[in-house]
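In: Fold the stuff below for me.
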Amino acid sequence: MELQEYKCEVLIIGAGPAGLSAAVYCGRANRNTIVLEGKDPSSLTKPQEIQNWLGEIDTTGLSLLEKFKKYA
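Out: You can find the predicted model right below:
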């Protein structure tokens, strides 16, 4: 497998809520940012139901994570 070289100002390891939130703020600051995610991007993929998250009354972890990714 051939490795590719990428250049960035900020490298974020983890695509969960904290990593994606960091990516949003890096984007606002016009920083060239890469977010790395593993096989299981976040523990948010496990809960079947999440209640009272900011802006969400009742949702699943996977649905919430997809919304975060769209925003980031």
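In: what about this protein, any weak spots by pLDDT?
Out: For the chain, applying pLDDT under 70 flags the ranges 41-47, 52-54.
In: So which residues of this structure form helices?
Out: Assigned by DSSP state H, the helices in the chain fall at 17-28, 61-71.
In: Could you say which one of those helices comes nearest to residue 5?
Out: Shortest distance between residue 5 and those, using Cβ to Cβ, is found for helix 17-28: 20.0 Å. Yep, even glycine has a C-beta here, placed from its N, CA and C like the rest.
In: what helices or strands is the closest one leaning on?
Out: Packing contacts for helix 17-28, counted by 3 or more Cβ pairs under 8 Å, 6 or more residues apart in numbering; DSSP states H and E, involve strand 10-13, strand 33-36, helix 61-71.
In: Could you name the helices and strands sitting against the last one?
Out: In this structure, helix 61-71 makes packing contacts with helix 17-28, strand 50-53, judged by 3+ Cβ pairs under 8 Å, 6+ apart.
In: sorry, back to before: out of the helices and strands packed on helix 17-28, the one nearest residue 3 is which?
Out: Residue 3 lies closest, by Cβ to Cβ, to one member of the helices and strands packed on helix 17-28: strand 33-36, at 14.0 Å.
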